[in-house]
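**Student:** sequence below, structure please.
(one chain, ligands or ions: 2)
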Amino acid sequence: MIVDIDEIKNVVNLLVSKDRLLHVEGTAKFAKTLARVHGLDENIAEFIGYAHDIFRDINQRKLLKLARGYNLSLTDEEKLHPILLHGKLAAEFLRFRFNVDDEELLDAVRYHTSGYKNFGIYGKLLFLADSLEETRNYPNVNKLREIAFKDIEMGYFEVLRNKLIYAIERNLFILKESIESWNELIRKRKGGSI
Ligand SMILES: [Fe+2]
Ligand SMILES: [Fe+2]
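**Tutor:** Ligands and ions are numbered 1, 2, ... in the order given. The predicted structure is shown next:
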């Protein structure tokens with residue numbers, strides 16, 4: 001596996017729009033700080049922070065073409081909204097271009113939008129960094145940042161909860177992985193039974 005920060009930055013600069021760049025840099029920075037605070041690998045955190053949205057500004061036609069190239073099977077929702085593929089495509093890119101073979105890191109990038117019931121610590125860290133980086137501005141964001149710096153697990157629970165409430169209040173679609181992750185957290189909280 002190659003954790004080449006300079007090279008992933010080059011990829012970001014090639015593929016990501018100017019507006020998105022601030023979010024991506026903010027995510028990498030937040031991920032790195034969170035890793036330092038919680039005794040995790042800062043380079044890995046920064047690397048996945050830079051990598052997570054490399055395909056976020058690619059048009060629908062190209063996203064579908066890339067998905068075919070990587071042999072991904074698409075859900076109905078992804079066929080309808082190919083932008084949903086950007087995490088999975090970034091994970092495949094890291095696998096082939098940077099030889100990332102750690103499934104925990106690939107899942108972190110793959111499911112950074114939805115959350116994932118089998119996330120490892122870097123999955124939760126990236127999910128938090130994506131939602132809490134310095135350019136994000138919404139009610140509760142400061143409180144959520146505070147929780148994330150204290151406890152990644154609790155931060156993940158609260159940020160996922162906040163995302164679900166946001167989606168329900170606006171009648172938005174909720175991805176299956178988000179619901180599965182939420183249910184898994186609730187199951188664990190109640191000692192395995194619901
Ligand atoms: Fe994203
Ligand atoms: Fe993002």
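**Student:** give me the mean pLDDT for stretch 111-118.
**Tutor:** For stretch 111-118, mean pLDDT is 98.
**Student:** quote the end-to-end distance of that stretch.
**Tutor:** 10 Å (CA to CA, to the nearest Å).
**Student:** that stretch and ligand 2 in contact?
**Tutor:** No. Using CB under 5 Å from the ion, stretch 111-118 stays clear of ligand 2, with a minimum separation of 6.5 Å. C-beta coordinates here come from the backbone N, C-alpha and C atoms, glycine included.
**Student:** tell me the buried residues in stretch 74-92?
**Tutor:** Within stretch 74-92, the residues that count as buried by 16 or more other CB atoms under 10 Å are Glu78, Pro82, Leu84, Leu85, His86, Gly87, Lys88, Leu89, Ala90, Ala91, Glu92.
**Student:** give me the distance between the two termini of that stretch.
**Tutor:** End to end - CA to CA - stretch 74-92 spans 14 Å.
**Student:** right, is it up against ligand 2?
**Tutor:** No. Shown here: stretch 74-92 not in contact with ligand 2 (CB under 5 Å from the ion), separated by at least 8.8 Å.
**Student:** residues in contact with that stretch?
**Tutor:** Contact partners of stretch 74-92, identified using CB atoms under 8 Å, 6 or more residues apart in numbering, comprise 51-56, 58, 60, 63-64, 66-67, 70, 72, 100, 106-107, 109-114, 173, 175-176.
**Student:** of the residues you listed, grab the buried ones for PyMOL.
**Tutor:** Per 16+ other CB under 10 Å, the buried members of those correspond to this PyMOL selection:
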select buried, resi 51+52+53+54+55+56+58+63+64+66+67+72+100+106+107+109+110+111+112+113+114+175
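**Student:** can you tell me which helix in the chain is longest?
**Tutor:** Counting residues, the longest helix found in the chain (DSSP state H) is helix 18-37.
**Student:** which parts of that helix are buried?
**Tutor:** 23-35.
**Student:** likewise stretch 181-188?
**Tutor:** Buried, per 16+ other CB under 10 Å, within stretch 181-188: Ser181, Trp182, Leu185.
**Student:** tell me which residue is most central in the protein.
**Tutor:** Most central in the chain under CA atoms, centre = their mean is His112, positioned 1.9 Å from the mean C-alpha point.
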